[in-house]
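Engineer: only geometry, no sequence info:
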């Protein structure tokens, strides 16, 4: 074992648990404000910044990147489908090439603002319907992954824990982070309950906090039917666009800390 | 005379005249095709590629950049106003900060495709109404110039010959290229005749060719009223979206070559 | 005459003052919520409903029209410039024909929802930058007015009190309503202080209420410099998209009623 | 009965065959021109006019309606998905309510221009992906059909021959027209070969003409695999956006006339 690694462990009886807490931010658009970015940027260790297709405009991107740098949180791109009216949450039938093109465009556009703000882009996470479309679909995933790899091989790809999407990214030589959700309910097959279904959103901040600790410490989550799912996540997502997102985020942070879990950005 | 300049001239009896020929390309959008990119990419020494706001989408940008690299022409970004329906040709009342944001976003987005295609972005030229708004306006020009300088100080700014816009770019330490038009008519004050006016477009390919040679060799141009304007341009623009653009471009290239002018990208 | 109506008038020496109170509503878009429509629809006698260009989407339009019908307020169309990112507040250089086309399109689209909801469209009021562009400009005004007249000659045109815009509408045989603002400050020439200037928005709900009463009862308003402007308005606007719009609206309604002014839709 | 009409029928043993020929027109957008509307408006008996979502803008809609009136062809609305970049050809996951809202908005917007031009809207036909999504889907079809019926019960709904979509429209009390395609190939189940598949477009104008006659006279069509499909169509579609559309349309018209089929708008 390399000395530098060894030194980390010396004297550690129970190695400290840590997890990344990521939030979607920068989704406002023109006169339209959405989310609780101010609060979330103080609680999260990583943020996913919208790139203008499903939300976010150039001014919002610039200001959000500046805030992320000022708050010292890890910056990621959050590319979505070209559907502002649907907030990127309506599945669209796109080809792998279209996914490649829209992903590369959005990552690169955000990188402009990150560069100017003196920050560093660390990860990329697909948004909304694109996230769900990619999870089980290797063909589409290859389009996305190729765009990330072509642009910057050092970027980490964030996606649904255990998904084909992340396997595809790994196979392409990219770093990946398996993501779990504190505020979304799971189905028996490990997928998220669709937003259009009842019970898609975990019903209270307290429950979200319990689910976050279960994910970080016990590495499991319960599906809506009560089945236990094993999950190995390096990052937990808290959504930013609900009116209660700040309350949920605070409860999750408090509970994770109480459980001895350190909130720390992905490396 | 500085030795470094003198050495360029040693033994040169008649120094070879050269000029850059730039074309706007990549302005198609989805199912909509516009321009004669295939022809123009073979004739021009530089191309200005639309970045998705007034024209161009991510797929068009990718393909256009690939064609530019394959044709070995210098690549530039061609940011425009966010007005697809108006093709970026309708003046919009925007602030210098809005100009900064939209310019940085578009340059950076294109850079993603240039990077992946193994090309190098060389210059930036504002499109349509933005071009005309910037020319005489120092405040707005500062927004644009700051975006270019923040993103990449080595980029050349292309704009209306003799404009406040180019002066602002120079003052910011950027390289500039003064641009003249072979296919547009001039007014007595050196500005372009607005497209909505009669006679805005030079009426034949032959006349455009004559005007190009006059610009490159005689460094002058005639206004619509017949007044002679002195002009010192390093690049001549040929528009790409008219049905006759290919014919005009061919005539200009032929005449410039016949006049002993070398068509060469900006350095 | 029905006794119940007669009783209203008995003993009235000075005829009861009345004024219309209009609000901009239906400006939300997709996942983006803006304004306080629920409150405003209960306070206003007329509403101007966004038509999808500067704000509002088809779903928002349908729901807003249904709410307007349910609240028994007069319905008007609120067409704007095609600039969602700028919320229709950035001046765009458009021709009279373009104004005609965008106005007719938007009025007609809204009419579909009004028809289906069993309501009646009563008036049309331009939004944001379009409102300000039309006020002093007869050429552009003719484009707008012609669209309204061609679509439905019985519609009332609402615009800046005393403007060339309203004169153009009158000349075209349309009914007009002169509009004054309770929550915006005036300049010495009777125009509104631009939103980008300090003091554009009246600084408190109390002041807005005072200004409303002054307009309705005294038929005058003070400019920012203190000069008294005479104004003859049939309708007062309260904006809906500020966070304080509900508070302002309540204060205005309370004060108008206290001053004996009846709030009543235009006829 | 008027003699001139009577003479049409005298001695007719087999009643004259007739069919409607419909074309998609008005799909240009801003500076972008698509289709061969000038030619098609002279050949077709009915046109489907884009309404601004997948193509067409307000100016294009106005001009196209005026041309349709001038050419005396029956006018229909051609609402599509809100996806200009994808020309309305990418399936989007929308709810029946979203289909209702987008359909009503688009029909009503077009109606404004039809009204002003002194025309009459006769039919509604969904565009592109929306057409294909509705064909087999009763839930979505109900959203579309309800929008048409709520707006104007006298409109004819045009859709895929034999589809659940048309059955849903019939059940709602609307008139329907079963549509067949001269320039698209069929699959064994009667659906159109998807555009992304090889052989989706009939490969020559001559073949399209043969297919048109087969549909109009023999009431059948062959699938790609050679199977004979029986089809009872009242209208044949010729697409307008391919470079060869004018050639195809001319060949179809010539062959139909030669076969004694009268081209006549739906009643």
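Structural biologist: Thanks, I have the structure now. As the structure is a prediction and not an experimental result, all values here were calculated from the model. Numbering: from 1, shown residues only, chains lettered A, B, ... in the order given.
Engineer: the stretch 51-200 of chain A: helices as residue ranges?
Structural biologist: For the stretch 51-200 of chain A, the helices defined by DSSP state H, counting those that start in this stretch occupy A:58-70, A:96-116, A:128-134, A:138-151, A:164-171.
Engineer: need the ones you listed in a markdown table with mean pLDDT and mean neighbour count, can you?
Structural biologist: All C-beta atoms are positioned from the backbone trio N, CA, C, and that covers glycine. Formatted as a markdown table, the helices of the stretch 51-200 of chain A follow (pLDDT from 0 to 100; neighbours: other CB atoms under 10 Å in any protein chain shown):
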| stretch | mean pLDDT | mean neighbour count |
| --- | --- | --- |
| helix A:58-70 | 98 | 21 |
| helix A:96-116 | 98 | 25 |
| helix A:128-134 | 97 | 24 |
| helix A:138-151 | 98 | 22 |
| helix A:164-171 | 98 | 20 |
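Engineer: so which of these comes closest to chain D?
Structural biologist: Of all those, helix A:128-134 sits nearest to chain D, with 7.2 Å by CB to the nearest CB.
Engineer: is the closest one positioned near chain D?
Structural biologist: Yes - contact of helix A:128-134 with chain D (CB under 8 Å from any CB of the partner chain) involves residue A:129.
Engineer: for chain A, which residues are neighbours of chain C?
Structural biologist: Residues of chain A lying near chain C (CB under 8 Å from any CB): A:29-34, A:55, A:57, A:84-87, A:89, A:241.
Engineer: ok, now with 7 Å
Structural biologist: When proximity is defined as CB under 7 Å from any CB of the partner chain, chain A approaches chain C at A:29, A:30, A:31, A:32, A:34, A:57, A:84, A:85, A:86, A:87, A:241.
Engineer: dump the helices of the stretch 51-200 of chain A to JSON lines, plus distance to residue C:118.
Structural biologist: Formatted as JSON lines, the helices of the stretch 51-200 of chain A follow (distance: least, CB to CB, whole Å):
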{"stretch": "helix A:58-70", "distance to residue C:118": "40"}
{"stretch": "helix A:96-116", "distance to residue C:118": "42"}
{"stretch": "helix A:128-134", "distance to residue C:118": "35"}
{"stretch": "helix A:138-151", "distance to residue C:118": "45"}
{"stretch": "helix A:164-171", "distance to residue C:118": "49"}
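Engineer: from the chain's centroid, how far away is stretch A:194-214?
Structural biologist: 16 Å (CA atoms, centre = their mean, to the nearest Å).
Engineer: start and end of that stretch, how far apart?
Structural biologist: Terminal residues of stretch A:194-214 lie 21 Å apart, using CA to CA, to the nearest Å.
Engineer: enumerate the residues of chain A near chain D.
Structural biologist: Contact residues, chain A versus chain D (CB under 7 Å from any CB): A:82, A:85, A:90, A:91, A:92, A:93, A:94.
Engineer: could you pick out the buried ones from the residues you listed?
Structural biologist: A:82, A:85, A:90, A:91, A:92, A:94 (16 or more other CB atoms under 10 Å in any protein chain shown).
Engineer: can you pick out the most distant pair from those residues?
Structural biologist: Spanning the widest gap among those are A:85 and A:94, at 16.5 Å by CB to CB.
Engineer: one step back: what is the nearest of the residues of chain A next to chain C to residue D:107?
Structural biologist: Proximity of the residues of chain A next to chain C to residue D:107 (CB to CB) peaks at residue A:85, which lies at 18.2 Å.
Engineer: if we can go back for a sec, and the buried ones among the residues of chain A next to chain C, selectable in ChimeraX?
Structural biologist: In ChimeraX, this line selects whichever of the residues of chain A next to chain C come out buried by 16+ other CB under 10 Å:
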select /A:29,30,31,32,34,57,84,85,86,87,241
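Engineer: pull the most distant pair out of the residues of chain A next to chain C.
Structural biologist: Across the residues of chain A next to chain C, no pair lies farther apart than A:31 and A:86, at 18.8 Å, counting by CB to CB.
Engineer: could you pull up the residues touching the closest residue to chain D within the stretch 151-267 of chain A?
Structural biologist: Among the residues of the stretch 151-267 of chain A, residue A:196 lies nearest to chain D; the distance is 8.0 Å by CB to the nearest CB. Applying CB atoms under 7 Å, 6 or more residues apart in numbering or on different chains to residue A:196 gives no contacts.
Engineer: please apply the same query to the one 4 residues further on.
Structural biologist: Residues in contact with residue A:200 (CB under 7 Å, 6+ apart) are A:184, A:185, A:193, A:194.
Engineer: related to what we said a few turns ago, redo the residues of chain A next to chain D as JSON lines? Include distance to residue D:263 and pLDDT.
Structural biologist: Output for the residues of chain A next to chain D, formatted as JSON lines (distance: CB to CB, whole Å; pLDDT from 0 to 100):
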{"residue": "A:82", "distance to residue D:263": "39", "pLDDT": "98"}
{"residue": "A:85", "distance to residue D:263": "39", "pLDDT": "97"}
{"residue": "A:90", "distance to residue D:263": "39", "pLDDT": "97"}
{"residue": "A:91", "distance to residue D:263": "40", "pLDDT": "97"}
{"residue": "A:92", "distance to residue D:263": "37", "pLDDT": "98"}
{"residue": "A:93", "distance to residue D:263": "35", "pLDDT": "97"}
{"residue": "A:94", "distance to residue D:263": "38", "pLDDT": "98"}
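Engineer: out of the residues you listed, the closest to chain B would be?
Structural biologist: Nearest to chain B among the residues of chain A next to chain D: residue A:82, at 8.6 Å, using CB to the nearest CB.
Engineer: tell me how many other residues crowd the nearest residue to the closest one once chain neighbours are set aside.
Structural biologist: Among residues not flanking residue A:82 along the chain, residue A:53 sits closest, at 4.7 Å (CB to CB, 6 or more residues apart in numbering or on different chains). Residue A:53: 22 surrounding residues under other CB atoms under 10 Å in any protein chain shown.
Engineer: what sits against residue A:53?
Structural biologist: With the criterion set at CB under 7 Å, 6+ apart, residue A:53 makes contact with A:79, A:80, A:81, A:82, A:88, A:102, A:106.
Engineer: swap the cut-off to 8 Å and go again
Structural biologist: Contacts for residue A:53 (CB atoms under 8 Å, 6 or more residues apart in numbering or on different chains) come out as A:79, A:80, A:81, A:82, A:83, A:84, A:88, A:102, A:106.
Engineer: how about residue A:265?
Structural biologist: Contacts of residue A:265 (CB under 8 Å, 6+ apart): A:20, A:45, A:46, A:73, A:74, A:122.
Engineer: residue A:167 now?
Structural biologist: residue A:138.
Engineer: what does residue A:106 give?
Structural biologist: Residue A:106 is in contact with A:51, A:52, A:53, A:77, A:79, A:80, B:109, counting by CB under 8 Å, 6+ apart.
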